[in-house]
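> Got a sequence here, can you build the structure:
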Amino acid sequence: MTVKEVLGTILIGAIVLALILGLSWVVMGNDFFLYQYFAPKQAAVERQVFENTPSFNKGMVQELDNMRFDYIKEKDPNAKLALRDAIIHRASGYNLDDPIVSPELRAFIRDLNRQRELGQ
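Below you'll find the model as predicted:
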């Protein structure tokens, strides 16, 4: 083999290696951009499905009911204000019109919202 043949072989090998690395970079970049686009949408769907499960709804209603009883039992006005804000915050993203929510709990949370709006 001559020096030209060896250099030609090395050059062809370098070009093939560069093509393989370039193709690999394109595929990985494509995966990244696809993930960047679809991952938030998939997470949103997963959260929506989770929030519609019976166990989530029962747990949320039970937690809000427990917080309501704690609020009713509390005697300290400052602690009541803190509990009120915690209850309103916890219930803010939840659909209170869901049939699983008792009318008493629904009315209680709406009263707390009114109290806060009036500055009481």
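
> What average pLDDT does the helix ranked longest in the chain get?
If you go by DSSP state H, the chain has its longest helix at helix 3-51. Computed over helix 3-51, the mean pLDDT rounds to 86.

> and it, what other elements does it pack with?
Using 3 or more C-beta pairs under 8 Å, 6 or more residues apart in numbering; DSSP states H and E, no helix or strand is in contact with helix 3-51. Where C-beta positions appear, they are placed from N, C-alpha and C, glycine not excepted.

> now it, how far from the chain's geometric center?
Taking C-alpha atoms, centre = their mean, to the nearest Å, the mean C-alpha location of helix 3-51 is offset from the chain mean by 28 Å.

> after that helix comes which helix or strand?
The helix or strand immediately downstream of helix 3-51 is helix 54-73, counting by DSSP states H and E.

> and Ile10, what is it in contact with?
Listed by C-beta atoms under 8 Å, 6 or more residues apart in numbering, the contact set of Ile10 is empty.

> How confident was the prediction at Gln120?
Value for Gln120, per-residue pLDDT: 69.

> so Asn78 is in which element?
Per DSSP H and E, Asn78 falls inside helix 77-91.

> Surely Arg90 is in contact with Leu64?
Yes - between Arg90 and Leu64 there is a contact under C-beta atoms under 8 Å: 6.6 Å.

> thinking again about what came up before, could you give the angle of the helix holding Asn78 to helix 54-73?
Helix 77-91 and helix 54-73 are oriented at 160 degrees to each other (axes from the mean of the first three to the mean of the last three C-alpha atoms, to 10 degrees).

> hmm, who's touching helix 77-91?
Helix 77-91 is contacted from outside by Glu63, Leu64, Met67, Arg68, Asp70, Tyr71, Glu74, Ile109, Leu112, Asn113, Gln115, Arg116, using C-beta under 8 Å, 6+ apart.

> thinking again about what came up before, compare Arg90 and Leu64 (neighbour count), which wins?
Legend: neighbour count by other C-beta atoms under 10 Å for Arg90 and Leu64, higher for Leu64 (20 against 14).
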